[in-house]
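1. Sequence below, structure please.
(chains A and B)
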Amino acid sequence: MSVALAQVGAIARRSVVRTSRQPASVIPPLVFPVALMAVNAGGLRASTKLPGFPTDSFLAFALAVPFIQGALFSTMNAGSDLARDIQTGFVNRLSLTALRDWALLVGQLAGVVVLGVVQVVFYIAVGLTAGVDFQSGAAGIAVLVFYGALVALSFGALGAWLAFRTGSGETIQALFPVLFVFLFISSMNTPRNLIGVDWFRIAATLNPVSYMLECVRSLIITGWDGQALALGFGFVILIGIVSMALASRALRARMTRT
Amino acid sequence: MSQPNGIEVEDLVREYRKGPRAVDGIDLSVAPGEIYGFLGPNGAGKSTTVHVLTTLLPPTSGTARVGGYDVVKDGPKVRGLIGVALQEAALDPLLTARDHLRLQATLQGVPKQERETRSDDLLVRVGLAEAADRKVAGYSGGMKRRLDLALALVHGPRVLFLDEPTTGLDPQSRTALWEEVARLRREDGVTVFLTTQYLEEADVLADRVGIIDRGTIVAEGTPADLKAEIGRPSVHAIPRRDDDRAGIAEFLARFGEPLDTTRDVAVRLRDGLGLTDIVRAVDADGIDVVDLELRAPTLDDVFLAKTGRTLEGATEEAETDHQGKRRR
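-> Numbering: from 1, shown residues only, chains lettered A, B, ... in the order given. Predicted coordinates for the structure are as follows:
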């Protein structure tokens, strides 16, 4: 078991090291979501005047978005890196070692989780610096970090599945906008009960991303909301289980060693 | 059961779903501590054979044992005792040589306390100690190949597979790699299975050579035996004018069987004839040639004798065929 853990650690370390050596993989997931949040917080501040809007700080409301957007960036980067490993034969190199199949997947995802946690800590630091009052306190911040890790794990597994399935970085890049559609048709900028357009409200209600955003948002602007937490954690765990199962299956097909 | 470090292959077939048989029923045996050169043009089936022997591809039929273990039933055990440097070095451009060695040593289960010293030793051995902490992206082709070899050796393998290890290398890097491979066999007793399309490489390094063409082994033996099998030397004449080629070919045909060459006119001499016989006849008949050369048989002659093509021609043919398929 200690050998397997060492293997997981080595793969995770490589994932973190190679990402940290690519500014193009580190900076966009940190900067773009925060920049978008800043723009929205400025432009949509008037939304807080709507009757029933849950807070008078749009920044506090919008702070949930980088959590998901950053995770999507990392998913794409992790998936593209893995696909590149397949294309260049690096996965073949790994296949020729004593590496267990599952250790490759777990190690890869551990690397994504580490980077996901770094991102979440950065977003929280930005929020605190900008004066956001976290209603759930220090414990809530700890839960937010844990939730960020869980989102990174689930979305990372999705990226790994796409990589093992397609073996093509280009395909993953092409699928990235599709994943972003889920973010845009969610309660990203407006609470679901205040969305005026029927089809959009229905789409946002059916979209699991809305519940992830609301889970994060509840810890920031409401405090401890059991239902929001249950739905948020429930959906992310469900996505994680499905993605992990798909990724494990695709990995077995990809690593055809005897 | 094969010998501990040996390789035994019987009637091995590997068929791709939409292609021909890449490997078509080969038999071979490599003794422990032997360097076996697997020589053939591009697309002959060399790399597919290596992929099967290293457990990356299951065979369609037949059996293969490496170090006494069946490559299908005992994949993990086979992987534990082999080192492999595939045709593409497949290195991570963002990692350093030291990062690569640390990763590879961990994945191969090298004890933690040995990893650093093992890595340092290998870096020195392959001449990368000074570049050890530089990212691989800045390495030359030769440096990447040397790192690839170090990675294949990190866990002290008993059998080493090298798939075209010197393709694209400059002569100096090629010679350095040959010396290291020879040293591994001489000092560590490592069995080496080396694929190559370079005649010289097989000739210099290999104890025995298997020549593969279109998925089948067409000849096998020591380089000396294979050349002796062809036996007779060839004479090559370069005409002064292109118009003279036909006449010179006709003249030379009196001394042996014509050879299919492009640069000169050549014949494989009949038994008992030598260069002096031809020189006398050239003089007597007033044949005008720029150069006349006697050549001892090479592995290319062996290839030509067994397949009817030169190795170079077969490689070009394979490349043209490959490009044609890609266009289609």
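
2. Spatially central residue for chain A, please.
-> A:Ala71 (2.4 Å; CA atoms, centre = their mean).

3. Which helix or strand contains it?
-> Element membership for A:Ala71 (DSSP states H and E) is helix A:64-88.

4. That helix: what's the following helix or strand?
-> helix A:90-95.

5. so where do the strands sit in chain B?
-> Counting by DSSP state E, chain B has strands at residues B:7-15, B:21-30, B:35-39, B:61-66, B:69-70, B:82-85, B:159-163, B:191-196, B:208-213, B:216-221, B:234-239, B:256-259, B:265-269, B:289-295.

6. Can you say which of those is nearest to chain A?
-> Proximity to chain A (CB to the nearest CB) singles out strand B:82-85 among these, at 5.0 Å. Glycine gets a C-beta too; all of them are placed from N, C-alpha and C.

7. and the closest one, which strands flank it?
-> strand B:159-163 (parallel) (DSSP bridges).

8. residue ranges for the helices of the chain, please.
-> Answering for chain A, as no chain was given. Counting by DSSP state H, chain A has helices at residues A:2-20, A:23-43, A:58-62, A:64-88, A:90-95, A:101-129, A:137-166, A:169-184, A:198-206, A:208-217, A:226-254.

9. Chain B is the one I meant
-> Using DSSP H, the helices of chain B run over residues B:46-53, B:75-81, B:97-107, B:112-125, B:141-153, B:171-188, B:199-205, B:223-230, B:245-252, B:275-285, B:299-307, B:311-327.

10. Model confidence for B:Ser2, exactly?
-> We have a pLDDT of 49 for B:Ser2.

11. so where is the chain shaky, pLDDT-wise?
-> Looking at chain A here, since you left the chain open. Within chain A, the stretches with pLDDT under 70 are A:1, A:258.

12. The chain in question should be chain B.
-> B:1-3, B:230-231, B:313-328.

13. tell me the centre residue of it?
-> Taking CA atoms, centre = their mean, chain B has its central residue at B:Thr196, 1.7 Å away.

14. Show the contacting residues for it.
-> B:Gly37, B:Phe38, B:Leu39, B:Glu164, B:Pro165, B:Thr166, B:Ala202 (CB atoms under 8 Å, 6 or more residues apart in numbering or on different chains).

15. Is A:Ala204 in contact with A:Phe184, as I believe?
-> No - judged on CB atoms under 8 Å, A:Ala204 makes no contact with A:Phe184 at a distance of 9.8 Å.

16. Enumerate the residues of the stretch 1-150 of chain A near chain B.
-> A:3, A:6-7, A:9-11, A:13-14, A:17-18, A:21-22, A:85, A:88-90, A:92-99 (CB under 8 Å from any CB of the partner chain).

17. any idea how far A:Val143 lies from A:Phe233?
-> In this view, A:Val143 and A:Phe233 are 9 Å apart by CB to CB, to the nearest Å.

18. now swap in A:Tyr211 and tell me
-> Going from A:Tyr211 to A:Phe233 by CB to CB gives 9 Å.

19. And these two? Which one has more around it.
-> The neighbour count for A:Tyr211 versus A:Phe233, taken as other CB atoms under 10 Å in any protein chain shown, is higher for A:Tyr211 (24 against 17).

20. Pop out the phi and psi values for the residue in the stretch 51-200 of chain A that chain B sits nearest to.
-> Chain B sits closest to A:Gly89 of the stretch 51-200 of chain A, with a gap of 3.5 Å, by CB to the nearest CB. Main-chain torsions, A:Gly89, degrees, to the nearest 10: phi 90, psi 0.

21. Relative to B:Val265, which of the helices of chain B is closest?
-> helix B:245-252 (4.8 Å; CB to CB).

22. List the contacts of the spatially closest residue to B:Asp99 that is not a sequence neighbour.
-> Counting by CB to CB, 6 or more residues apart in numbering or on different chains, B:Asp99 lies nearest to A:Val17, which is 6.6 Å off, once chain neighbours are set aside. Contact partners of A:Val17, counting by CB under 8 Å, 6+ apart, are B:Leu94, B:Leu95, B:Asp99.

23. now do 10 Å
-> When contacts are counted by CB atoms under 10 Å, 6 or more residues apart in numbering or on different chains, A:Val17 touches A:Gly111, B:Asp92, B:Leu94, B:Leu95, B:Thr96, B:Asp99, B:Leu103.

24. From chain A, how far out is the third one?
-> This points to B:Leu94. Per CB to the nearest CB, to the nearest Å, B:Leu94 is found 4 Å from chain A.

25. Please name the nearest non-neighbouring residue to B:Ile287.
-> Spatial nearest neighbour of B:Ile287, chain neighbours left out: B:Phe251 (5.7 Å); criterion: CB to CB, 6+ apart.

26. Determine the number of other residues adjacent to the residue lying closest to A:Val91 once chain neighbours are set aside.
-> Take A:Val91 and drop its neighbours on the chain: the residue closest to it by CB to CB, 6+ apart is A:Asp85, 5.0 Å away. Burial of A:Asp85 is recorded as 23 neighbouring residues (other CB under 10 Å).

27. Give me the distance between B:Asp291 and B:Val282.
-> Applying CB to CB, the value for B:Asp291 to B:Val282 is 11 Å.

28. More neighbours: the two, which one.
-> Between B:Asp291 and B:Val282, counted using other CB under 10 Å, B:Val282 has the larger neighbour count: 17 against 10.

29. Isn't that one up against B:Arg254?
-> No - the criterion here is CB atoms under 10 Å, and B:Val282 misses it with B:Arg254 at 11.3 Å.

30. How is chain B partitioned into domains?
-> Domain segmentation of chain B under automatic domain parsing yields B:7-227, B:232-296.

31. highest average neighbour count across those?
-> domain B:7-227 (a mean of 19; mean count of other CB atoms under 10 Å in any protein chain shown).

32. so how far does that one reach from one end to the other?
-> End-to-end distance for domain B:7-227, by CA to CA, to the nearest Å: 24 Å.

33. Tell me how far that domain lies from the chain's centre.
-> How far domain B:7-227 lies from its chain's middle: 10 Å, per CA atoms, centre = their mean, to the nearest Å.

34. contacting residues for B:Pro20?
-> With CB under 10 Å, 6+ apart, B:Pro20 has these contacts: B:Gly43, B:Gly45, B:Arg214, B:Gly215.

35. For A:Asp81, which non-adjacent residue is spatially closest?
-> In space, A:Asp81 is closest to A:Arg18, 6.9 Å off (CB to CB, 6+ apart).

36. how many neighbours does the one you found have?
-> With other CB under 10 Å as criterion, A:Arg18 counts 19.

37. from what I can see it touches B:Pro93, true?
-> Yes - assessed by CB under 10 Å, A:Arg18 is found in contact with B:Pro93 at 9.0 Å.

38. hey, what's in contact with both of those two?
-> Joint contacts of A:Arg18 and B:Pro93 (CB under 10 Å, 6+ apart) are B:Lys135.

39. So A:Ala204 and A:Phe184 - more neighbours on which side?
-> In this view A:Ala204 and A:Phe184 are compared by other CB under 10 Å, and A:Ala204 has more residues nearby, 22 against 13.
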